[in-house]
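A.B. asks: What follows is a protein structure lacking sequence information:
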């Protein structure tokens, strides 16, 4: 099924300076220099993250087509991949509108030429100096807020700096997390504070509860509700004489389920560039669409327990067990061979820091995977698994099927806050 | 209870180059240069990890005293802090024996002058070139294995390189993960393969199941069993005419419970430098001993749901929910003020990528925490939470109690594999 590594072959073990002995050959250095890297998925020391660019392209194309059909702009959330290289595929190489989850992402994307950025986490006033610094660089960075207190801080900072800070009001559409409801008295009060002193850009909502939808019908209802609540809020602001140019909605599930976005100006989604087992469990994608995986190596066997032990634990996969709440619990992930073909019935069922345990289910036979065999693990939650890695080794499944796919590039992630 | 941040004060928002506007001022640059950093926990943008060096010292002292009393050497596992600065406190500034979970740690610690390192994850033969490179540098790096296959790979690599590779045989003491049982026929076979061609250093075991012990008695039994199984295995090797100089046992729970380590040569533990809520739940430490926390900021309120929303989600805390299996589920963590005093009844109960939700329990009143208030979250699992950060801002609770503790240093972590 896959190509076990070939430990002990002459020339790999006795050359002190060969590339496998030099960790810096596995990835770019911290300074960003790209060394001459390994050539196939059999080469870098495991565990490491892999992105299949063919699947990323196809996932991106699918949502871009939907947005076009629905007549809305797309503002992808870059928090999943946190990669300028992945983002370059979103708008065909030209920096377009993006959503970020940290100011570190905003700064990295500004450095990469992006000038239209929404920071979609409620603003902490302490962070406003960095927001102002980006605005002064010519980046249209919109902040998010849901309280009069925050609006006053933003208004005050804007006034002192002489720089308008575009602000979106967060709307709660489904009781998931933050936001004001469209009928809350605060909505208009917040709008007035912003309008008086800075720049009220509009409203934004996120149907976070759609991750717990289980049927197409529930997803469609979540998408309609998300749209309705955002449009209601915008209309209420307008009725009060306030502007609401931007009406922003989205989550990966609702973006793929929406059938009518009248009144919405932009759609956000992030996870869809990679997808994951949680999204496959909801039915938003197929397991074959998953673009992110982690390559691990078999380091032990416990036939008495029915276990295969690998060197990929939660440090490589994250502790995310998102599918545990779904109809089909996928453990820490499903197992494929190095090419990406599912190994039937094999699941990563346990993780410690640097150990993973693979077990068979559904009556499947535990396959023979000798020490040194490499497999790929498809994650529960792409955002969390990707965050455990400094970047991605890039393969392209569209370029043909070989036992150990060639590595085309290394794409770095933006880290920290 | 704590010192809310002071957004909007003159001079912070309108100076484009002040330190708060410059993210590089919050932490050392990637090249390792330590910029003039922030002065108190009120300064860096949140979320960020904090280590209380007074608690680290006291946790280290406690186990060092135990090991001395028990008459065994201590080989701390550096996988939790992954920091040369924390490790410097282990052996009073002199590099001593350590355990690592990745070769990246081994390489970083070798660079830091450590010459006696055990790599305590079953060896993947593909990684042997990096092991040999460290041995050639004069580092005594021991590898771990539990199969004849691995022993043959190690023997072959050693023979080809002309460099003996010290190898420990992993013993399964409690069915937790890998290892051979002391009575398994493979034990002596592995020993013979190693002894014939390279260097059989001894045996190593880890009582991983002790994390699920719930009484002092269970912990003591786990510690005795761990010792007994390791010593049995060593004696069986010796009876077969094989050496077993090293008899290595340990886990944070058993290291603190062992009352007799006769026949054991060294004790390993890692988590104890920081401790965490899982360890407090087992009873190995008190909540007051926890040395690692994450500073987060209040960014929203949902009084209708009983929620306070912060800017610290699972990206800052990890997805680890270790206490969910314990008698007292601590959610994603307990909440303290900025000084480190517990806020009674307040728990972080939910996390998305960059949002945390705090709720009150046990009839506690949801405290008034205005937008911008900073609190610290004590984590379930220090190893997992620490891994979400590039390093630690260092405070010292022994230097007195002030509303916003002073930051003394920034300690970087070793990342990757």
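C.D. replies: Done, it's in. This structure is a prediction, so every number in the text was calculated from the model and none was measured.
A.B. asks: Quick one: the helices in the stretch 301-417 of chain A, in order.
C.D. replies: Remark: helices assigned in the stretch 301-417 of chain A by DSSP state H, counting those that start in this stretch are A:314-317, A:382-386.
A.B. asks: so for the last one, what's the average pLDDT?
C.D. replies: Averaged over helix A:382-386, pLDDT sits at 98.
A.B. asks: and what of stretch A:195-212?
C.D. replies: 92.
A.B. asks: Tell me if it is near chain B.
C.D. replies: Yes. Using Cβ under 8 Å from any Cβ of the partner chain, we find that stretch A:195-212 touches chain B at residue A:208. All C-beta atoms are positioned from the backbone trio N, CA, C, and that covers glycine.
A.B. asks: gap between the two ends of that stretch?
C.D. replies: Across stretch A:195-212, the terminal residues are separated by 36 Å (Cα to Cα, to the nearest Å).
A.B. asks: got the buried residues for whichever helix or strand residue A:233 is part of?
C.D. replies: Assigned by DSSP states H and E, residue A:233 belongs to helix A:216-239. Neighbour-count burial for helix A:216-239 flags A:218-220, A:222-234, A:236-237 (criterion: 16 or more other Cβ atoms under 10 Å in any protein chain shown).
A.B. asks: mind listing what's buried in the helix or strand just after it?
C.D. replies: With elements assigned by DSSP H and E, the helix or strand that comes after helix A:216-239 is strand A:246-249. For strand A:246-249, a neighbour-count test (16+ other Cβ under 10 Å) marks A:246, A:247, A:248, A:249 as buried.
A.B. asks: Can I get the residues you listed in TSV including pLDDT?
C.D. replies: Converted to TSV, the buried residues of strand A:246-249 look like this (pLDDT from 0 to 100):
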residue	pLDDT
A:246	98
A:247	98
A:248	98
A:249	98
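A.B. asks: Just give me the closest of those residues to residue B:273.
C.D. replies: The shortest approach to residue B:273 among the buried residues of strand A:246-249 belongs to residue A:248, at 44.7 Å (Cβ to Cβ).
A.B. asks: Can you pull the phi/psi pair for the residue most central in space within chain A?
C.D. replies: Nearest to the centroid of the C-alpha atoms of chain A, with distances taken as Cα atoms, centre = their mean, sits residue A:80, at 1.7 Å. Main-chain dihedrals, residue A:80, degrees, to the nearest 10: phi -80, psi -60.
A.B. asks: which ones are touching it?
C.D. replies: Contact analysis of residue A:80 by Cβ atoms under 8 Å, 6 or more residues apart in numbering or on different chains lists A:270, A:271, A:273, A:274, A:382, A:383, A:386.
A.B. asks: backbone phi and psi for the first one, please?
C.D. replies: In other words, residue A:270. Torsion angles, degrees, to the nearest 10, at residue A:270: phi -130, psi -50.
A.B. asks: Excluding covalently adjacent residues, which one is nearest to it?
C.D. replies: residue A:77 (3.0 Å; Cβ to Cβ, 6 or more residues apart in numbering or on different chains).
A.B. asks: can you check the second one too?
C.D. replies: The shortest distance from residue A:271 to any residue other than its chain neighbours is 4.3 Å, reached at residue A:252 (Cβ to Cβ, 6+ apart).
A.B. asks: Next, work out how far apart that neighbour and chain B are.
C.D. replies: As judged by Cβ to the nearest Cβ, to the nearest Å, residue A:252 and chain B stand 13 Å apart.
A.B. asks: burial count for that residue?
C.D. replies: By the measure other Cβ atoms under 10 Å in any protein chain shown, the count of residues near residue A:252 is 29.
A.B. asks: my guess is it meets residue A:276, correct?
C.D. replies: No. Contact criterion Cβ atoms under 8 Å: residue A:252 and residue A:276 do not qualify, at 9.5 Å.
A.B. asks: those strands in the stretch 1-150 of chain A, which residues are they?
C.D. replies: Using DSSP state E, counting those that start in this stretch, the strands found in the stretch 1-150 of chain A span residues A:48-52, A:73-74, A:98-100, A:116-122, A:140-145.
A.B. asks: got a markdown table for those, with distance to residue A:162 too?
C.D. replies: Formatted as a markdown table, the strands of the stretch 1-150 of chain A follow (distance: least, Cβ to Cβ, whole Å):
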| stretch | distance to residue A:162 |
| --- | --- |
| strand A:48-52 | 43 |
| strand A:73-74 | 30 |
| strand A:98-100 | 25 |
| strand A:116-122 | 21 |
| strand A:140-145 | 16 |
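A.B. asks: just so I know, which of those lies nearest chain B?
C.D. replies: strand A:116-122 (4.0 Å; Cβ to the nearest Cβ).
A.B. asks: got a list of contacts for the closest one?
C.D. replies: Residues outside strand A:116-122 that contact it (Cβ under 8 Å, 6+ apart): A:75, A:77, A:96-103, A:106, A:109-110, A:131, A:134, A:139-146, A:150, A:168, A:170, A:178, A:204, A:206, A:248, A:268, B:299-300, B:309, B:311, B:354-355.
A.B. asks: My guess is the residue nearest to residue A:270 contacts residue A:268. True?
C.D. replies: Yes. Using Cβ under 8 Å, residue A:77 is in contact with residue A:268, at 5.4 Å.
A.B. asks: what sits in contact with each of those two?
C.D. replies: Taking Cβ under 8 Å, 6+ apart as the criterion, residue A:77 and residue A:268 both touch A:99, A:120, A:250.
A.B. asks: how about those in a markdown table, adding pLDDT and neighbour count?
C.D. replies: What follows is the shared contacts of residue A:77 and residue A:268, written out as a markdown table (pLDDT from 0 to 100; neighbours: other Cβ atoms under 10 Å in any protein chain shown):
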| residue | pLDDT | neighbour count |
| --- | --- | --- |
| A:99 | 98 | 26 |
| A:120 | 98 | 23 |
| A:250 | 95 | 34 |
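A.B. asks: Could you save those as CSV and add columns showing distance to residue B:190?
C.D. replies: Shown next, in CSV, are those (distance: Cβ to Cβ, whole Å):
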residue, distance to residue B:190
A:99, 54
A:120, 54
A:250, 55
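A.B. asks: Residue A:323 - nearest residue in space that isn't next to it in sequence?
C.D. replies: Closest to residue A:323 by Cβ to Cβ, 6+ apart is residue A:330, at 4.1 Å.
A.B. asks: ok, back up a step: would JSON lines of the helices of the stretch 301-417 of chain A with distance to chain B and mean neighbour count be doable?
C.D. replies: What follows is the helices of the stretch 301-417 of chain A, written out as JSON lines (distance: least, Cβ to the nearest Cβ, whole Å; neighbours: other Cβ atoms under 10 Å in any protein chain shown):
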{"stretch": "helix A:314-317", "distance to chain B": "6", "mean neighbour count": "26"}
{"stretch": "helix A:382-386", "distance to chain B": "6", "mean neighbour count": "26"}
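A.B. asks: re earlier: packing partners for the helix holding residue A:233?
C.D. replies: If you count contacts as 3 or more Cβ pairs under 8 Å, 6 or more residues apart in numbering or on different chains; DSSP states H and E, helix A:216-239 packs onto strand A:166-171, helix A:185-197, strand A:199-205, strand A:246-249, helix A:252-255.
A.B. asks: and those, which is most packed in?
C.D. replies: With neighbours taken as mean count of other Cβ atoms under 10 Å in any protein chain shown, those reach their highest mean count in helix A:252-255, at a mean of 30.
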